[in-house]
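> return atomic coordinates for the entry below.
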Amino acid sequence: MFKATTILAYKSDRGAVIGGDGQVTFGNTVLKGNATKIRTLYDGKVLAGFAGSTADAFKLFEMFEGILSEKRGDLLKSVVEFAKQWRQDKYLRQLEAMMLVLNKEHIFILSGTGDVVEPEDGELAAIGSGGSYAISAARALKRHANLEPIELVKESLQIAGELCIYTNTNIKTLELK
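The predicted structure is shown next:
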């Protein structure tokens, strides 16, 4: 399980949003509370989040963005190619890391073992130690509240931050409309 990260993504007909908490943990110590674990890629058309170490995040974001450019922004082709390259790289496949990427049409969870998972509902995905808390909250809010996508993500991450000791409530979000 990846500690010190919670990333949640939500895609609906009203927009696509990704959010993440800001906590960086080393063992049982909080090193930083305002880290940014999400970013926009491909001229702001793709959103991405990362669970794992910072150095690994930079390398994998760079690698994914290169593939995304080669594939001219085609997210489906990009995630498949990225998963192949990540899995084939002797060093990178050893990383305990996951990525979550989305655009207005698709949402995917990626790992170094070659996983390319599109959520069953095609709308919600979460990674990191607080991911189960965040996605549970998001599903409940989606069913029982009429929130804008960005508010649903913020509220869900707030709840995760109140429950998971490796997640804080310093929440950052990015949105595609």
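> need the longest helix for this protein.
For the chain, the helix that runs over the most residues, judged by DSSP state H, is helix 54-70.
> quick check: angle from the helix or strand just after that helix to helix 54-70?
Scanning forward in sequence from helix 54-70 by DSSP states H and E, the next helix or strand is helix 75-88. Angle, helix 75-88 to helix 54-70, by axes from the mean of the first three to the mean of the last three CA atoms, to 10 degrees: 130 degrees.
> low-confidence ranges, this protein, go.
1-3 (pLDDT under 70).
> go with 90
By pLDDT under 90, the weakly predicted segments of the chain are 1-5, 24-31, 52-59, 86-97, 111-115, 177.
> and the strands in it?
All strands of the chain, identified by DSSP state E, fall at 6-12, 15-20, 24-26, 29-32, 38-41, 46-51, 98-102, 107-111, 116-117, 124-128, 172-176.
> take the ones you listed and write them to JSON lines, including mean neighbour count.
(Each C-beta comes from the backbone N, C-alpha and C, glycine too.) Below are the strands of the chain laid out as JSON lines (neighbours: other CB atoms under 10 Å):
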{"stretch": "strand 6-12", "mean neighbour count": "27"}
{"stretch": "strand 15-20", "mean neighbour count": "26"}
{"stretch": "strand 24-26", "mean neighbour count": "16"}
{"stretch": "strand 29-32", "mean neighbour count": "11"}
{"stretch": "strand 38-41", "mean neighbour count": "18"}
{"stretch": "strand 46-51", "mean neighbour count": "27"}
{"stretch": "strand 98-102", "mean neighbour count": "25"}
{"stretch": "strand 107-111", "mean neighbour count": "23"}
{"stretch": "strand 116-117", "mean neighbour count": "16"}
{"stretch": "strand 124-128", "mean neighbour count": "27"}
{"stretch": "strand 172-176", "mean neighbour count": "18"}
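> which of those strands sits closest to K90?
Ranking these by proximity to K90 (CB to CB) places strand 107-111 first, at 16.0 Å.
> what's the angle from that closest one to strand 6-12?
150 degrees.
> tell me which strands strand 107-111 pairs with, and in which orientation.
Strand 107-111 has the following strand partners under DSSP bridges: strand 98-102 (antiparallel), strand 116-117 (antiparallel).
> out of those, which is closest to S136?
Closest approach to S136 among the strands paired with strand 107-111 (CB to CB): strand 98-102, 16.3 Å.
> perfect, that will be all.
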